[in-house]
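Undergrad: missing the sequence, but the structure's below:
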């Protein structure tokens with residue numbers, strides 16, 4: 001919730017204090033963050049994460065992998081990783097060229113590449129010794145769930 005080594009600070013349901021304050025346009029207390037509900041964060045998930053990864057356009061399974069990573073780390077890393085892995089210009093914005101290239105990919109291989117890239121991303125972070133076990137478990141679980149959606 002508010003681990004001293006977490007650079008994101010107070011977080012609940014994947015939403016940091018800074019993100020929530022930006023969302024509502026005012027400062028909040030840590031207690032406000034503790035009291036967040038799923039109903040409070042769903043519109044944030046939709047606008048800041050799902051829409052940014054173009055979840056409605058993504059193949060089933062891959063949408064879940066990118067979304068979960070975006071909630072955990074912001075949308076930039078998963079989008080750029082996807083673009084890098086499918087061989088399109090890495091600009092952090094999913095457009096027609098990204099979607100066209102993605103349509104020609106083997107989805108099982110693409111999802112495996114994203115899974116492996118996410119693990120490598122986490123291992124490079126300075127906070128990996130503290131949070132890595134949980135991040136890797138989350139990545140494993142998300143990948144398993146995504147495979148079942150193929």
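TA: Looks like it arrived, so ask away. All values reported here derive from a predicted model rather than from experimental measurement. Numbering: from 1, shown residues only.
Undergrad: I'd like to know how many residues surround residue 128.
TA: Neighbour count of residue 128, defined by other CB atoms under 10 Å: 14. In this view, the C-beta of every residue, glycine as well, is placed from N, C-alpha and C.
Undergrad: got a list of what residue 6 touches?
TA: 127, 131 (CB atoms under 8 Å, 6 or more residues apart in numbering).
Undergrad: what of the one 3 residues further on?
TA: Taking CB under 8 Å, 6+ apart as the criterion, residue 9 is in contact with 2, 16-18.
Undergrad: you'd agree residue 62 is up against residue 146?
TA: Yes. The pair residue 62 / residue 146 is scored as a contact, 6.8 Å apart, by CB atoms under 8 Å.
Undergrad: who touches both of these two?
TA: Common neighbours of residue 62 and residue 146 (CB under 8 Å, 6+ apart) are residue 111.
Undergrad: how about residue 15, phi and psi?
TA: phi -110, psi 120 (degrees, to the nearest 10).
Undergrad: and for it, nearest residue in space, chain neighbours not counted?
TA: In space, and not counting its chain neighbours, residue 15 is closest to residue 41: 4.9 Å by CB to CB, 6 or more residues apart in numbering.
Undergrad: give me the neighbour count for that neighbour.
TA: Neighbours of residue 41 using other CB under 10 Å come to 20.
Undergrad: tell me the SS of the spatially most central residue of the chain?
TA: Residue closest to the mean C-alpha point of the chain, counted by CA atoms, centre = their mean, is residue 70 at 1.6 Å. Three-state call for residue 70 (DSSP: H, G, I helix; E, B strand; the rest coil): helix.
Undergrad: pretty sure it sits against residue 82.
TA: No. Between residue 70 and residue 82 there is no contact under CB under 8 Å: 10.7 Å.
Undergrad: now the helices for this protein?
TA: 17-24, 30-34, 38-44, 62-73, 76-86, 96-103, 107-124, 128-149 (DSSP state H).
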